[in-house]
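>>> Got a sequence here, can you build the structure:
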Amino acid sequence: MSTLPPSGHGAAPVAGASAALVEALVGLGTVDSLKEVL
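Next up, the predicted model:
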């Protein structure tokens, strides 16, 4: 990871944030589905 150029350094946090957002949305959707089932 440390071998990446400085220009691509800002892309990792953005990708991580978007992935976390998607994961959170999926998690919320799963919780809602479980609530409906229960």
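>>> going forward, measure contacts between C-alpha atoms and count neighbours the same way
Noted.
>>> Let me know how buried Leu34 is, in neighbour terms.
Leu34: 10 surrounding residues under other C-alpha atoms under 10 Å.
>>> That one: helix or strand, and which one exactly?
Using DSSP states H and E, Leu34 maps to helix 11-37.
>>> What average pLDDT does that helix get?
Average pLDDT, helix 11-37: 80.
>>> any idea how far Val37 is from Thr30?
10 Å (C-alpha to C-alpha, to the nearest Å).
>>> before we move on, back to that, now the helix holding Leu34: buried residues?
When burial is assessed from 16 or more other C-alpha atoms under 10 Å, helix 11-37 yields no buried residues.
>>> can you give me how far it is from the chain middle?
Distance, stretch centre to chain centre, for helix 11-37: 6 Å (C-alpha atoms, centre = their mean, to the nearest Å).
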